[in-house]
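> Okay, sequence plus prediction incoming.
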Amino acid sequence: MDSKKEYVVSVRDICKNYSIGGNVLNVLKEITFNIKKGEIVSIVGPSGVGKSTLLNILGTLDKPTSGSISIDSENVTELNENELALFRNKKIGFVFQFHHLLPEFSALENVMMPGFISRDNKTEIREKSEKLLKDVGLEGRFDHKPGELSGGELQRVAFARALINNPAVILADEPTGNLDRINSENLHEIIWSYCKEKAQTFVLVTHNEKLSEKSDRIIELFDGKIKRDIKE
């Protein structure tokens with residue numbers, strides 16, 4: 001039986017408008033959906049329909065013009081900036097097309113960084129970070145800096161970093177957009193197998209049909225609205 005607690009993400013009537021040159025641009029129009037724990041959801045649609053805008057709002061990096069979002073039973077639209085920063089660090093993992101790793105730090109240190117920000121136990125952070133890097137196939141690359149890693153390896157580090165604080169949800173924006181086919185497929189397999197094994201909720205924006213077809217669910221946007229919500 002459905003209940004609010006069953007949903008990791010609950011989006012209600014989200015609208016996002018921008019004022020440009022005296023005109024109002026309606027990017028998102030009354031978006032509503034729920035995501036259960038452990039679901040892998042792809043958000044798809046042509047360029048310019050609001051996919052990345054929606055993902056940024058889900059990640060609390062942007063605020064909706066109206067509507068509400070609850071993540072892990074917390075209404076994030078009611079939080080102030082300081083509360084949002086703490087919430088993001090604890091509850092949301094991010095994997096972007098450009099990995100955004102810190103170049104002066106090693107792979108291990110990059111994965112550990114969100115734990116340091118949370119002021120968690122350093123020994124526990126290190127042990128967990130090492131395990132995550134092993135899980136994504138990077139044992140032996142702990143001390144390598146981003147400049148010494150391939151594109152596929154960089155994205156695996158970014159995925160491990162997104163997992164370090166046991167987030168309620170991981171959000172990814174074209175995570176394999178800069179990778180060749182082989183590295184893309186390898187990263188897909190790592191993400192899918194890990195998320196399925198750990199019941200990790202995962203939401204991604206992608207133009208990759210093969211990637212979206214593997215999802216439990218596909219939410220297709222068109223003209224700022226949900227055109228279709230397709231379950232496996």
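Everything's here; your move. Residues are numbered from 1 along each chain as shown.
> Distance check, Ser73 against Tyr7.
8 Å (Cβ to Cβ, to the nearest Å). C-betas here are computed from N, CA, C, even on glycine.
> right, I mislabeled it, should have said Lys214
According to Cβ to Cβ, Lys214 and Tyr7 sit 22 Å apart.
> the more surrounded of these two?
Tyr7 (20 against 16; other Cβ atoms under 10 Å).
> Contact partners for the more buried one?
Tyr7 makes contact with 34-37, 70, according to Cβ atoms under 8 Å, 6 or more residues apart in numbering.
> Quick check: buried residues in the lowest-mean-pLDDT helix or strand in the chain?
The weakest-scoring helix or strand in the chain, judged by mean pLDDT, DSSP states H and E, is helix 209-213 (a mean of 77). Using 16 or more other Cβ atoms under 10 Å as the burial criterion, the residues of helix 209-213 that qualify are 211-212.
> which helices and strands does it pack with?
When contacts are defined as 3 or more Cβ pairs under 8 Å, 6 or more residues apart in numbering; DSSP states H and E, helix 209-213 packs onto strand 40-44, helix 181-198.
> Which stretches in the protein count as strands?
Using DSSP state E, the strands of the chain run over 7-20, 23-36, 40-44, 66-71, 74-75, 92-96, 169-173, 202-205, 217-222, 225-231.
> returning to what we had before: could you identify which of the helices and strands packed on helix 209-213 is most buried?
Highest mean neighbour count among those (mean count of other Cβ atoms under 10 Å): strand 40-44, with a mean of 24.
> Using PDB, write out every CA atom in it.
C-alpha atoms of strand 40-44 as PDB (Å, rounded to 0.1, in the frame of the first residue of the first chain):
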ATOM      1  CA  ILE A  40      16.300   3.800 -11.100                       C
ATOM      2  CA  VAL A  41      14.600   6.500 -13.000                       C
ATOM      3  CA  SER A  42      15.600   8.100 -16.300                       C
ATOM      4  CA  ILE A  43      14.400  11.600 -17.300                       C
ATOM      5  CA  VAL A  44      14.400  11.900 -21.100                       C
END
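> just the angle between that strand and strand 225-231, please?
Orientation check (axes from the mean of the first three to the mean of the last three Cα atoms, to 10 degrees): strand 40-44 against strand 225-231 gives 150 degrees.
> In space, what's closest to Gly151 - neighbours in sequence excluded?
Distances taken as Cβ to Cβ, 6 or more residues apart in numbering place Leu179 nearest to Gly151, at 5.3 Å, with adjacent residues excluded.
> just Asp229 next, same as before
Ile219 (5.3 Å).
> How about the one you found: which residues does it bridge to?
In this structure, Ile219 bridges to Ile43, Asp229 when assessed by DSSP bridges.
> Does it touch Val41 like I think?
Yes - at 6.2 Å, Ile219 and Val41 qualify as touching, with contact defined as Cβ atoms under 8 Å.
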